[in-house]
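# Mind folding the following:
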Amino acid sequence: MLEPKEDEAFRGVVANLLIDDIQFARRVQRPPLRWSVLAVLLWTIAPICIVLGGWTGLIEAVLAAGYGSYLMRKRQQWVQFSANDPR
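Residues are numbered from 1 along each chain as shown. Below is the predicted model:
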């Protein structure tokens with residue numbers, strides 16, 4: 001945790017950086033697209049693993065679906081945090 005003076009200085013630096021560098025601001029304010037793409041790919045490959053892999057494919061499918069869910073939950077938390085951030 002930062003002290004109040006340090007926190008104010010940090011917020012000032014971040015605000016100036018967001019104003020000066022538009023590309024950086026866009027990258028920081030939206031979650032990475034690769035999380036969504038990877039989650040969809042994992043969910044798409046899960047049934048294929050079950051059909052072609054038997055019981056080991058079932059285990060792989062469960063792991064893939066679980067990790068895809070984790071990535072989407074991580075993305076939603078990012079969006080909620082960004083919406084609540086008072087920058």
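
# Could you list the low-pLDDT ranges of the chain?
Within the chain, the ranges that satisfy pLDDT under 70 run 28-29, 82-87.

# Which stretches in it count as strands?
For the chain, applying DSSP state E gives no strands.

# Tell me which residue lies farthest from the centre of it.
Centroid-distance maximum for the chain: Gly54 at 31.3 Å, with Cα atoms, centre = their mean.

# ok, that one - contacts?
Residues near Gly54 by Cβ atoms under 8 Å, 6 or more residues apart in numbering: none. In short, each C-beta sits where N, CA and C put it, glycine included.

# roughly how far apart are it and Glu60?
10 Å (Cβ to Cβ, to the nearest Å).

# So which residue is dead centre in the chain?
For the chain, Arg75 is the residue whose C-alpha lies nearest the centre (Cα atoms, centre = their mean; 3.6 Å).

# Phi, psi for Pro32 please.
Pro32 adopts backbone torsions of phi -60, psi 130, taken as degrees, to the nearest 10.

# tally of neighbours for it?
13 (other Cβ atoms under 10 Å).

# and Pro47, what does it touch?
Ala61.

# Kindly provide the distance from it to Phe24.
For Pro47 relative to Phe24 (Cβ to Cβ), the value is 39 Å.

# circling back to that earlier point, any idea how far the residue nearest to the centre of the chain lies from Gly57?
Distance from Arg75 to Gly57, by Cβ to Cβ: 26 Å.

# List the buried residues of stretch 48-55.
By neighbour count with 16 or more other Cβ atoms under 10 Å, stretch 48-55 contains the buried residues 49-50.

# With stretch 53-73 instead?
57, 60-61, 64-65, 68, 71-72.

# Now go through those residues and say which are in helices.
Using DSSP state H, the subset of the buried residues of stretch 53-73 located in helices is 57, 60-61, 64-65, 68, 71-72.

# which one of these is nearest Pro32?
Nearest to Pro32 among those: Leu71, at 9.7 Å, using Cβ to Cβ.

# was I right about the closest one contacting Ala39?
Yes - Leu71 is in contact with Ala39 according to Cβ atoms under 8 Å; the separation is 4.3 Å.

# so what are the domain limits for the protein?
Listed domain ranges for the chain are 1-30, 32-87 (source: automatic domain parsing).
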